[in-house]
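**Q** Attaching a predicted model along with its sequence, questions to come.
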Amino acid sequence: MQKHTIVLNSYDLVEKALGIRFALPQLGELVTGFTVRYHGKAYAYVNKCAHVPIELDWKQGEFFTVDKDYLICATHGAHYAPDTGYCVMGPCKGKSLQALHLTEQNNQITIHLEQLKKNL
Ligand code: FES
């Protein structure tokens, strides 16, 4: 049976550092999601570029650009706003990553997958 939530320790998600990946079997066998912390807040997305549906991170967990202002797809360099998932630069400009609902309290990040549907 598939889980409807993923719970992570808040301390493991460091500001503008490595993101945390997790499996999303709800969307397919090899599909992953990730969460990053940006300006103190945690955000989570399906790890699938809006250009070609492949994972953003070549090196697992490395989602931020060198200057840490954007999330970047390692394949063709699309830049996404970390807080909205909106693609501001690159071949999928104007499209967005699929955001995942997330809450954070008592030093726990909970990613809510109840609403997640295939083929989004
Ligand atoms: S696959 Fe991500 S920018 Fe092309």
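**A** Received it, and whenever you're ready, just let me know what you need.

**Q** beta partners for the residue nearest to the spatial centre of the chain?
**A** Centre of the chain computed as the mean C-alpha position; nearest residue by Cα atoms, centre = their mean is residue 45, 3.1 Å away. Listed by DSSP bridges, the beta-bridge partners for residue 45 are residue 34, residue 99.

**Q** right, and it touches residue 101 too?
**A** No: under the criterion of Cβ atoms under 8 Å, residue 45 is not in contact with residue 101, lying 11.0 Å apart. In short, each C-beta sits where N, CA and C put it, glycine included.

**Q** Nearest residue to residue 33 in space, please, no chain neighbours.
**A** Of all residues not flanking residue 33 in the chain, residue 24 sits nearest, at 4.8 Å (Cβ to Cβ, 6 or more residues apart in numbering).

**Q** My error: substitute residue 39 in the last question.
**A** Going by Cβ to Cβ, 6+ apart, residue 39 has residue 83 as its nearest residue, at 7.0 Å.

**Q** residues in contact with the one you found?
**A** Residues near residue 83 by Cβ atoms under 8 Å, 6 or more residues apart in numbering: 38-39, 41, 43.

**Q** Kindly report the same for residue 7.
**A** Per Cβ under 8 Å, 6+ apart, neighbours of residue 7: 108-111.

**Q** Tell me which stretches of this structure form strands.
**A** Under the criterion DSSP state E, strands of the chain are mapped to 5-9, 20-23, 32-38, 41-46, 71-72, 79-80, 87-89, 99-105, 108-112.

**Q** need those strands in JSON lines with distance to residue 65, can you?
**A** Rendered in JSON lines, the data for the strands of the chain read as follows (distance: least, Cβ to Cβ, whole Å):
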{"stretch": "strand 5-9", "distance to residue 65": "23"}
{"stretch": "strand 20-23", "distance to residue 65": "18"}
{"stretch": "strand 32-38", "distance to residue 65": "12"}
{"stretch": "strand 41-46", "distance to residue 65": "15"}
{"stretch": "strand 71-72", "distance to residue 65": "5"}
{"stretch": "strand 79-80", "distance to residue 65": "7"}
{"stretch": "strand 87-89", "distance to residue 65": "10"}
{"stretch": "strand 99-105", "distance to residue 65": "19"}
{"stretch": "strand 108-112", "distance to residue 65": "23"}
